[in-house]
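**Student:** Sequence plus predicted model, see below.
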Amino acid sequence: MNAPSRTIAYLCLALSMALVGSYVALSKPLAAAIPVFLLAWMRFGIGGLAMVHWLKKPADEPPLTPQVRQLLFLESFLGNFLFTVCMIYGVSLTSAVSAGVIMAAIPAAVAVMSWAFLRERVAPRTWVAVACAVVGIALLSLSKSEHSAHTLQALEGEKTQNLAWLGQLLLVGAVICEAAYSVIGKKLTGALGPKRITSLINLWGFALSTPLGLYMAWGFDFAAVSWNIWLLLVFYALAACMWTVWLWMTGLKAVPAAQGGIFTVLLPISAALVGVLVLGESFSGLQLLAFGIALASVLLATLPTRAALRVGQKANSGLQ
């Protein structure tokens, strides 16, 4: 239950978002081979089997209060279930460019919700970091070649175009869900350990996805799925349900939610890097500029302030 050092916390947050970006980039063949709700159900099931031993209540953990139980449900419903639904259907009604630009608002949404609901004081430098994160992600999204997506969208006809507003609204909902995930997670770290939070919200995710997962599984041909897709599914399940959540909750124990939200810029960066290094996609000068601005936001949010440096110097001189 002890909080990690700031350095370890920053590393955990960075690794969490880098992992999310990597499995998002590698999930395309999974979504093509397995229906979305069946994929979600199997993801939570595999994750649950891997961390069933994390469900056991530690001896020093207080009993779950009604408020904590409610927060655990909301964390899973908003951060796992509703976020996935809003994102997938939002992109299907708009485009990947629209999704990237709208999702660039996540760091700002986390900062605002942290100030409003957690009463965190957001330092001016953090607001500047938020602005850099938004600009960096937006530039990264706009720099990607989406000609094929726009062509497909044009072929889908007038009906899809008329529903573009609904897709944009769903993407805004995904931003709110992701911001709520960070804020609620920060609240939960004050009552539970990262492993317990990870296992309990995964259990809720499995329960929420079971009805539609069973429905999709009824007529699905599991034998038609190749072995490499099954291996990719295991990696996806462990990364999405176990590793990334545990890393994120561990980092949030020592970092304010608004500051932690800055690390979401590493999601599109790692996704783009996987696309270039693994999937053979091209890399442009505008993407390099976007990466630089986005990484500057992380540096602004994590470099120690003058006050912190003075405190450290005083502590060192006292030891001497």
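**Tutor:** Yep, that arrived. Since we're looking at a predicted model, the values are computed, not measured. Numbers count the residues shown, from 1 in each chain.
**Student:** got a list of what the residue lying closest to residue 176 once chain neighbours are set aside touches?
**Tutor:** Nearest non-adjacent residue to residue 176, counting by Cβ to Cβ, 6 or more residues apart in numbering: residue 109, 6.5 Å away. Where you see a C-beta, it was placed from the backbone N, CA and C, and this is true even at glycine. Listed by Cβ atoms under 8 Å, 6 or more residues apart in numbering, the contact set of residue 109 reads 175, 176, 178, 179, 261.
**Student:** Most neighbours among these, please name it.
**Tutor:** Top of the contacts of residue 109 by neighbour number is residue 261, holding 30 neighbours under the definition other Cβ atoms under 10 Å.
**Student:** Looks like that one contacts residue 106 (just checking).
**Tutor:** Yes: Residue 261 lies in contact with residue 106 (Cβ atoms under 8 Å); the separation is 6.7 Å.
**Student:** returning to what we had before: and the furthest pair within the contacts of residue 109?
**Tutor:** Across these, no pair lies farther apart than 176 and 261, at 12.8 Å, counting by Cβ to Cβ.
**Student:** re the thing from before, intersection of neighbour lists for residue 261 and residue 106?
**Tutor:** residue 179.
**Student:** Name the helix or strand for residue 70, please.
**Tutor:** helix 66-76 (DSSP states H and E).
**Student:** Residue 170 now?
**Tutor:** Per DSSP H and E: helix 164-188 holds residue 170.
**Student:** which SS state does residue 122 fall under?
**Tutor:** coil (DSSP: H, G, I helix; E, B strand; the rest coil).
**Student:** For residue 15, see how far away it is.
**Tutor:** Remark: distance between residue 122 and residue 15 (Cβ to Cβ, to the nearest Å) = 24 Å.
**Student:** And residue 204, by the same measure?
**Tutor:** For residue 204, the distance to residue 15 - Cβ to Cβ - is 24 Å.
**Student:** Next up, the contacts around residue 129.
**Tutor:** 107, 262, 297, 298, 300, 301 are the contacts of residue 129 under Cβ under 8 Å, 6+ apart.
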